Structures are given as C-alpha cells and as structure tokens.
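Student: Predicted model and sequence below, questions to follow.
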Amino acid sequence: MAGGRRQAPPRDEVLAAAMEMIAERGLEKLTMAALGREVGMSSGHLLYYFRSKDELLLRTLEWSEGRLGGERGRLLARGDSARERLDAYVDLYVPDGLGDPHWTLWLEVWNRSQNADDDARDRQAAIEGAWHRDLVALIAEGVSRGEFRPVDPDRFAARLRALLDGFSIHVAIGLRGTDRARTLGHVREFLDESLLADA
C-alpha cells in the first residue's frame, strides 16, 4: 500500500542475510546495525525479534543446519553402499576451507555457549544430536550388511565425530599443515583401518 509502513522481511530472509554477511565479510562484521542496514530494519527491530546477538547467531545456525540436514538426509537416502554414504557424510561435515561460514558460525556458538542458558544449550544439543543419530544409523546399517566390522555404532559415531570436529576446526581456522584434502585423506584412512570389514 502506497505510503504504508514497510513490512519486516521474513525471518528466513534475515537469517539468510546474516549467513551471507558471515560468508562475505566475516563474523566480526555481523552487527545488529549492519544486518539491519542489509535487510532494511533498525537494530532495535532486530533485537525485538532476536533479543541478543547470541540468539541471532544460534537462530542462524539452526537455519543453516536445517538446510544441511535436508542435504544430509538426501545423501543418506541414496542407494549407495554404506561406505559411499559415509564418505558423503564426511564430505558434508568437513569445512570447505579457511573461513567456511558454517564452521565460523559453529565455532562462535560453541565459544558463547559457556555462558548460554539451558534453552540455548538444549537447542545446540539438538543440532548435534541430529548429526549423531544419522551417523549411528548409517554405521548400524553397514554393520548389519557386513560392510563394517561389528562395532558399537553409538560409541564409534561419538569417536568419529570427535575426530571430525578436531580436524574440521583446524581446517576452518586455517591451521598450517591442515587442509580439507589432507583431512579427508586422514579420515578415510582411519575408516579403512578401523571400520571396514575384512574382505
């Protein structure tokens, strides 16, 4: 309506803009004022919706993880072998390289979680839990088909995700001597040695 107040953009549009700002400019440039300019809202209006930058970051992570969860679900539903789907899971998990926006966001949320309330911690645990459950199910399937050794799927998944997290942090921060290709090589070698059933 001409002369009417501009409608606030949908929440998904705000979260997508936040993720794009992290990708293009880095997390330190993501302020409420800068994001407000990007989406045509005041920083006060953003604070009304998100309450704090911590909440904005967690909501952005949930939004990003929702998209990744859909992609992960499609990968895991393919008719490939369990090992091929496990490799696809690992490919999706490991960051693209230094400054990967999704991992940059994860690192910041992890850092801020030291002072987070129970609700924020529960929501973060829910994101982690989705990755874990999918991995446990995939390992259990591989064991039942005889592709993988008879490991405890939950314990193996916990250890594998700890390995993936450690390597992924090194890739995301650009630690010298660590890159995506080398990390994928290490993880695949670990899986060959510890999970694949003997031929």
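Tutor: The structure has been received and is ready for your questions. Residues are numbered from 1 along each chain as shown.
Student: what about A120, distance to D87?
Tutor: 33 Å (C-beta to C-beta, to the nearest Å). To be clear about C-beta, it is placed using only N, CA and C from the backbone, and glycine gets the same treatment.
Student: helices and strands around the longest helix along the chain, which ones?
Tutor: Counting residues, the longest helix found in the chain (DSSP state H) is helix 118-144. Using 3 or more C-beta pairs under 8 Å, 6 or more residues apart in numbering; DSSP states H and E, the elements in contact with helix 118-144 are helix 53-76, helix 82-93, helix 153-173.
Student: same for the shortest one, what does it pack against?
Tutor: Judged by 3+ C-beta pairs under 8 Å, 6+ apart, the packing partners of helix 82-93 are helix 53-76, helix 118-144, helix 153-173, helix 180-194.
Student: Just want the angle from the first one to helix 118-144.
Tutor: For the pair helix 53-76 and helix 118-144, the angle between their directions (axes from the mean of the first three to the mean of the last three C-alpha atoms, to 10 degrees) equals 20 degrees.
Student: Specify the angle between helix 53-76 and helix 82-93 in degrees.
Tutor: 150 degrees.
Student: could you give me the average pLDDT of helix 53-76?
Tutor: Averaged across helix 53-76, pLDDT comes to 91.
Student: which other residues reach that helix?
Tutor: Helix 53-76 is contacted by residues 11-12, 15-16, 18-19, 22, 31-32, 35, 46, 50, 85, 88-89, 92, 102, 105-106, 108-109, 112, 116, 120, 123-124, 127, 130-131, 134, 137-138 when judged by C-beta atoms under 8 Å, 6 or more residues apart in numbering.
Student: quick revisit: any buried residues in the longest helix of the chain, and which?
Tutor: When neighbours are counted by 16 or more other C-beta atoms under 10 Å, the buried residues of helix 118-144 are found to be 120, 123-124, 127, 130-132, 134-136, 138-143.
Student: between those residues, which is nearest V187?
Tutor: L135 (12.5 Å; C-beta to C-beta).
Student: Name the nearest residue to I169, ignoring sequence neighbours.
Tutor: L107 (6.9 Å; C-beta to C-beta, 6 or more residues apart in numbering).
Student: Appreciated, that's everything.
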